[in-house]
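J.: I would like to see how this sequence folds:
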Amino acid sequence: LSDFLSSLCEHARKNPIPDAMMRKVMMVVVQRVTQQGACVRKARALHYCAAHSQECPALAPLVQLLCSIGGPDAINDADALGATPLMLAANNVGYDSPDLTMLRTFLACGADKSITDDGLTALGYYRARMCRHVAFCKGLPKNGRGPAWEKPLPTLNFEVEGLLMPSDGPTAADKAAYDE
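T.: Below you'll find the model as predicted:
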């Protein structure tokens, strides 16, 4: 299942996935799961889709299917490093014009915004990534010896913040993840 998803993402990077093809893809996934015994949770299929959420937002219908096949626990499964699919999707939100399709899809499938990994929720994953990007941009040379960051520094996206905000508010680690 993981190899199949990998080749699908590779194709999607080069060509948009038409609806008819996505329907065929979903039928293949159902076949692999039901007839060949592939396991959505074991294959970390949702984690794979989340990790490629910005480059392949067309995978959103597949995520819905995988959630329904994998059961309610699959959407909140942590990988070996402790990250849930929502955390990985949050970690991949674009800087300039993020596509929030996958974040919305994971949330609609029941992703829990309050699950933590080392104190960070998905919100903290997003904030930490933004903080690393800002630090990188600030570290680019400004003396003419290399490519300088010419654009305004990226800032937190309030729409993303609103989508990922846990009902109890950010954790202490989430707050510390983006300290300008």
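J.: For my notes, confirm residue 72 occurs in a strand.
T.: No - going by DSSP: H, G, I helix; E, B strand; the rest coil, the assignment for residue 72 is coil, not a strand.
J.: Give me the distance between it and residue 27.
T.: According to CB to CB, to the nearest Å, residue 72 and residue 27 sit 23 Å apart. C-betas here are computed from N, CA, C, even on glycine.
J.: Same check on residue 92?
T.: In terms of CB to CB, residue 92 sits 27 Å off from residue 27.
J.: These two: which is more packed in?
T.: residue 92 (20 against 11; other CB atoms under 10 Å).
J.: Give the full set of residues in contact with the more buried one.
T.: Contact analysis of residue 92 by CB atoms under 8 Å, 6 or more residues apart in numbering lists 50, 51, 52, 53, 54, 129.
J.: what's the answer for residue 39, then?
T.: By CB under 8 Å, 6+ apart, residue 39 lies in contact with 1, 33.
J.: secondary structure element for residue 12?
T.: Counting by DSSP states H and E, the element that carries residue 12 is helix 2-14.
J.: Which other helices and strands does that helix contact?
T.: Packing partners of helix 2-14 (3 or more CB pairs under 8 Å, 6 or more residues apart in numbering; DSSP states H and E): helix 19-34, helix 45-51.
J.: now stretch 42-61, how far from the chain's geometric center?
T.: Put simply, stretch 42-61 sits 7 Å off its chain's centre (CA atoms, centre = their mean, to the nearest Å).
J.: Buried residues, it. List them.
T.: 43-54, 56-61 (16 or more other CB atoms under 10 Å).
J.: ends of that stretch, how far apart?
T.: 20 Å (CA to CA, to the nearest Å).
J.: and if you look at stretch 101-114?
T.: Termini of stretch 101-114 sit 20 Å apart (CA to CA).
J.: do stretch 65-85 as well
T.: 15 Å.
J.: How far off centre is it?
T.: With CA atoms, centre = their mean, you get 12 Å for stretch 65-85.
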